[in-house]
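A.B. asks: Got a predicted model here, sequence first, then my questions.
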Amino acid sequence: MMTTPAHYDYVVIGCGSIGSMTLWQLTELAPGASVLGIERFDRVHTKGSYSGESRLFRVALKEGGIYIPLVQQARGMWLEMNERSGRDIFLPVGAISVGPADFPTMVQTMEVIEEFGLDHEVLDAAELAERFPVFAASSPGAVPDAAIIDPAGGGIRPELSVAYAQQFAIDAGAQLWDNTRVLAVEPGAESTLIRTERGEITAGKVIVANGSWTADLYPDLAGHISVQSIPLTWYLPLDITGFLPENLPIFMRDIVRDNGEIWHCYGAPTIDGYSVKISHGDFVGEGTTPDDLEVLRTGEIPAEVLQVFSERASTFFTGMLDAPVRISLHHDGFTTDHAPVLGHAPGTDGAVTVATGMSGNGMKFAPVYGRIAAELAVTGDSPLRPAAFDYPVTAREPSATIIPAAIH
Ligand SMILES: Cc1cc2nc3c(=O)[nH]c(=O)nc-3n(C[C@H](O)[C@H](O)[C@H](O)COP(=O)(O)OP(=O)(O)OC[C@H]3O[C@@H](n4cnc5c(N)ncnc54)[C@H](O)[C@@H]3O)c2cc1C
């Protein structure tokens with residue numbers, strides 16, 4: 001006997017960074033509606049783009065333009081999450097960019113600060129050395145370092161953010177199926193059929209937020225989104241004082257070497273109390289989904305890459321032992337123009353919204369991107385959504401404010 005598949009008003013596919021926030025925002029925008037989240041792995045897991053203890057949050061984004069109002073709105077939502085959860089999901093420790101004052105990203109950041117009238121502080125080399133002595137390890141370039149402080153910046157605890165956004169939704173009546181893979185999404189005249197490992201269901205509106213696995217469900221996006229594997233590394237200073245969150249903001253540093261070579265790092269103050277995340281932003285493998293990335297399967301970062309990282313860590317920071325004490329491998333989907341895909345899927349008449357291609361920058365925006373995805377599903381439109389995020393990517397408006405290829 002044929003059974004009718006269960007029907008839900010809204011189904012979110014993938015409950016990671018963006019999907020968990022979408023789930024939460026759906027319950028706020030459509031109270032009383034039936035909302036289901038489907039997650040391929042455990043409710044919170046280590047395989048998504050969000051794992052790795054911390055993420056950087058900045059308001060003074062060098063990318064500027066459309067991203068500033070979005071990140072300002074996101075900040076309010078991060079603070080709301082702290083308030084509601086009673087946990088430090090967002091760590092309001094500020095952000096510091098260190099580098100030669102005329103370094104391109106320092107100049108761009110100052111331009112954005114001036115354009116948007118953002119709070120900031122500029123430190124010269126002497127002030128930097130006095131306030132943040134951990135950066136004094138070496139300034140091998142001829143130009144002494146300067147710094148820009150973005151006091152509205154901070155750190156995010158990504159695993160906690162996913163867990164609590166899911167929890168807010170569950171508390172408001174949403175269901176979450178974990179360890180269930182969605183196999184296909186088939187929009188129809190009345191509703192959309194979703195084939196899962198647990199069987200079939202139908203939905204009024206679907207939001208696809210399956211991150212680096214987008215090509216599994218939307219192969220047409222494979223040519224526009226490449227999945228990159230990115231290592232994270234933590235190092236150990238003997239004196240942790242200067243690396244405590246009360247003494248160090250989240251940071252980015254660029255060093256111009258005497259030979260013109262540029263060394264970049266980014267990271268966060270210590271969260272575990274003994275190690276400091278210092279990462280270099282290098283990519284160590286590329287594929288269509290994480291499942292075809294050999295480096296993610298083996299978990300082995302090439303020795304020569306680690307060697308280079310180690311040589312640099314103790315140049316970036318005073319008192320840092322140069323061998324990593326923790327290493328992990330991650331991934332994210334990068335679009336060709338580094339703006340996310342956040343819009344209705346073509347030909348679905350608004351029944352399917354796709355939120356993907358976060359291009360190494362999605363965490364800071366996650367609550368507001370979740371809000372946009374929920375608005376697109378519930379009302380069919382979102383006043384917050386820039387046209388530069390369209391899916392038909394070929395029809396996107398050219399934008400001068402696209403995020404460059406960099407994580408954080
Ligand atoms: C090393 C690293 C450092 C970063 N640093 C920063 C930073 O400092 N600041 C910042 O803002 N951003 C940063 N980012 C980027 C940010 O973490 C990502 O852009 C963001 O986490 C992507 O979110 P997502 O929801 O697209 O993917 P995910 O969080 O991975 O969520 C996708 C979910 O979909 C699930 N899924 C997949 N396929 C299916 C299926 N078929 N059925 C059901 N579920 C499915 C997955 O299991 C996963 O849980 C960094 C990324 C990396 C990798």
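C.D. replies: Cool, got the structure. Residues are numbered from 1 along each chain as shown.
A.B. asks: any idea of the pLDDT on the closest residue in space to residue 407 that isn't next to it in sequence?
C.D. replies: Spatially, and ignoring its direct neighbours in sequence, residue 407 is nearest to residue 360 (3.5 Å; C-beta to C-beta, 6 or more residues apart in numbering). C-beta coordinates here come from the backbone N, C-alpha and C atoms, glycine included. With respect to pLDDT, residue 360 scores 95.
A.B. asks: With residue 139 instead?
C.D. replies: Note on residue 139: pLDDT of 50.
A.B. asks: Chain neighbours aside, what residue packs nearest to the residue of the stretch 301-408 of the chain found nearest the ligand?
C.D. replies: Using C-beta to the nearest ligand atom, the single residue of the stretch 301-408 of the chain nearest to the ligand is residue 362, 2.6 Å away. Excluding its sequence neighbours, the residue lying closest to residue 362 (C-beta to C-beta, 6+ apart) is residue 17, at 5.6 Å.
A.B. asks: Tell me, how many residues neighbour that neighbour?
C.D. replies: The criterion is other C-beta atoms under 10 Å. On that basis, residue 17 has 30 neighbouring residues.
A.B. asks: pretty sure it is touching residue 158, no?
C.D. replies: Yes. Counting by C-beta atoms under 8 Å, residue 158 is a contact partner of residue 17 at 6.7 Å.
A.B. asks: Next, give phi and psi for the residue of the stretch 101-250 of the chain found nearest the ligand.
C.D. replies: The stretch 101-250 of the chain approaches the ligand most closely through residue 211 (2.6 Å), counting by C-beta to the nearest ligand atom. With angles defined as degrees, to the nearest 10, residue 211 sits at phi 50, psi -130.
A.B. asks: How about residue 221?
C.D. replies: phi -90, psi -10.
A.B. asks: can you pull the contacts of it?
C.D. replies: For residue 221, the contact set (C-beta atoms under 8 Å, 6 or more residues apart in numbering) comprises 214-215, 341, 354, 356-357, 391, 393.
A.B. asks: repeat that with 6 Å
C.D. replies: Contacts for residue 221 (C-beta atoms under 6 Å, 6 or more residues apart in numbering) come out as residue 214.
A.B. asks: Next, the contact list for the closest residue to residue 295 other than its chain neighbours, please.
C.D. replies: Nearest residue to residue 295 in three dimensions, chain neighbours excluded: residue 285, at 3.8 Å (C-beta to C-beta, 6+ apart). When contacts are counted by C-beta under 6 Å, 6+ apart, residue 285 touches 229, 293, 295.
A.B. asks: swap in residue 124?
C.D. replies: Shown in contact with residue 124 (C-beta under 6 Å, 6+ apart): residue 146.
A.B. asks: same check, this time on residue 24
C.D. replies: Applying C-beta under 6 Å, 6+ apart to residue 24 gives the contacts 165, 168-169.
A.B. asks: again, only using 8 Å
C.D. replies: Counting by C-beta under 8 Å, 6+ apart, residue 24 touches 165-166, 168-169, 172, 370.
A.B. asks: Now a PyMOL select for only the buried ones of those residues.
C.D. replies: PyMOL command restricting these to the buried ones, with burial defined by 16 or more other C-beta atoms under 10 Å:
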select buried, resi 165+166+168+169+370
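A.B. asks: Determine which two of the contacts of residue 24 are furthest apart.
C.D. replies: The two members of the contacts of residue 24 with the most space between them (C-beta to C-beta) are 172 and 370, at 13.8 Å.
A.B. asks: The lengthiest helix in the chain and the ligand in contact?
C.D. replies: What stands out as the longest helix in the chain, according to DSSP state H, is helix 67-85. No. Using C-beta under 6 Å from any ligand atom, helix 67-85 stays clear of the ligand, with a minimum separation of 9.0 Å.
A.B. asks: packing partners for that helix?
C.D. replies: With contacts defined as 3 or more C-beta pairs under 8 Å, 6 or more residues apart in numbering; DSSP states H and E, helix 67-85 has these neighbours: strand 55-57, strand 90-91, helix 158-171, helix 362-378.
A.B. asks: what are the ranges of the strands in the stretch 251-400 of the chain?
C.D. replies: Here the stretch 251-400 of the chain has its strands, by DSSP state E, counting those that start in this stretch, at 262-268, 276-279, 286-287, 326-335, 341-344, 352-356.
A.B. asks: average pLDDT across the last one?
C.D. replies: Going back to what we said before, that points to strand 352-356. Computed over strand 352-356, the mean pLDDT rounds to 98.
A.B. asks: How about the fourth one?
C.D. replies: What strand 326-335 shows for mean pLDDT is 95.
A.B. asks: tell me what that strand is packed against?
C.D. replies: Counting by 3+ C-beta pairs under 8 Å, 6+ apart, the packing neighbours recorded for strand 326-335 are strand 225-235, helix 294-298.
A.B. asks: re the thing from before, quick one: which of the contacts of residue 24 is nearest residue 277?
C.D. replies: In terms of C-beta to C-beta, no member of the contacts of residue 24 lies closer to residue 277 than residue 165, at 22.4 Å.
A.B. asks: My read is that that closest one contacts residue 20, right?
C.D. replies: Yes. Residue 165 lies in contact with residue 20 (C-beta under 8 Å); the separation is 3.8 Å.
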